[in-house]
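Q: Whatever this is, show me its structure:
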Amino acid sequence: MKRAIALVLGICGLGCLSGCGGEKFPSDFPNVCPMTVTVKDGTTPLSKVLIVFYPSTTGAGAAYASSGATSANGVAKISTSQGGFSKAGIPAGEYVVTVEDIIEVDIGVTPDDEVKMSMRELGELSRKKQKLMATYKKKVPDVLRKSGKVENRSPIRFTATEGKNELTIDVAQFKN
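A: Below is the predicted model of the structure:
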């Protein structure tokens with residue numbers, strides 16, 4: 001009897017994993033198309049760079065965030081997210097694209113250690129991080145970063161279409 005119950009539970013579990021009750025996206029979650037971005041500086045691929053697509057028009061996908069970070073080879077796969085839901089790809093439409101450095105500083109303190117720190121120690125840690133971040137040599141020119149209204153965020157515009165989308169950004173062309 002125990003074996004039969006275990007078998008039934010196992011089959012039900014497999015059914016759920018195969019899509020019978022999988023993640024249900026909100027009805028207004030937009031359809032997305034594959035999107036890959038390559039970021040380079042001349043011929044050098046740029047890793048640890050964040051690319052964000054801001055819808056420049058209203059419509060399907062306007063309320064959703066589409067972004068991705070580059071890997072060691074300078075390539076990012078873009079995903080669209082909202083409210084805990086995420087799909088690989090981007091809705092068709094027109095976008096303003098920003099590019100920003102992902103700045104990581106290692107100060108030798110783990111998150112577990114931070115939880116145990118006093119407010120004074122956390123303040124000192126924060127100042128130390130800020131000092132280290134100030135010495136970081138930016139890879140991405142300021143003109144490509146987000147600032148102000150969406151129209152002023154970056155000179156890069158992109159129109160995503162149904163099907164596979166690819167964008168190459170050479171930051172060298174935006175340097176003074």
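
Q: now the strands for the protein?
A: In the chain, the strands defined using DSSP state E lie at 35-41, 44-45, 49-55, 65-69, 75-77, 79-82, 85-88, 93-101, 156-160, 165-170.

Q: Using a markdown table, lay out these together with mean pLDDT, distance to Lys139 and mean neighbour count.
A: Backbone N, C-alpha and C define where each C-beta goes, glycine included. Formatted as a markdown table, the strands of the chain follow (pLDDT from 0 to 100; distance: least, CB to CB, whole Å; neighbours: other CB atoms under 10 Å):
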| stretch | mean pLDDT | distance to Lys139 | mean neighbour count |
| --- | --- | --- | --- |
| strand 35-41 | 97 | 6 | 21 |
| strand 44-45 | 96 | 9 | 14 |
| strand 49-55 | 92 | 7 | 22 |
| strand 65-69 | 91 | 13 | 19 |
| strand 75-77 | 97 | 14 | 18 |
| strand 79-82 | 89 | 22 | 18 |
| strand 85-88 | 90 | 25 | 15 |
| strand 93-101 | 90 | 5 | 20 |
| strand 156-160 | 92 | 16 | 16 |
| strand 165-170 | 96 | 12 | 16 |
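
Q: Which one of these lies nearest to Val140?
A: Val140 lies closest, by CB to CB, to one member of those: strand 93-101, at 5.0 Å.

Q: Gly108 is nearest to which of the strands of the chain?
A: Smallest distance to Gly108 across the strands of the chain (CB to CB): 21.6 Å, for strand 93-101.

Q: residue ranges with poor pLDDT in the protein?
A: For the chain, applying pLDDT under 70 flags the ranges 1-23, 57-63, 147-152.

Q: mind running it again at 80?
A: Within the chain, the segments meeting pLDDT under 80 span 1-28, 57-65, 83, 145-153, 176.

Q: who touches the residue nearest to Gly163 when sequence neighbours are not counted in this structure?
A: Closest residue in space to Gly163, ignoring its immediate chain neighbours: Cys33 at 6.0 Å, by CB to CB, 6 or more residues apart in numbering. Cys33 makes contacts with Gly89, Ile90, Pro91, Ala92, Ala160, Thr161, Glu162, Gly163, Lys164, Asn165, as judged by CB atoms under 8 Å, 6 or more residues apart in numbering.

Q: again, 10 Å this time
A: Applying CB atoms under 10 Å, 6 or more residues apart in numbering, we find Cys33 in contact with 78, 80, 88-93, 160-165.

Q: Over to Ala65?
A: When contacts are counted by CB under 10 Å, 6+ apart, Ala65 touches Val52, Phe53, Tyr54, Pro55, Ser79, Thr80, Ser81, Gln82, Ser86.

Q: Can you tell me the closest non-neighbouring residue to Lys164?
A: Distance criterion CB to CB, 6+ apart; nearest residue to Lys164, sequence neighbours excluded, is Pro34 at 4.7 Å.
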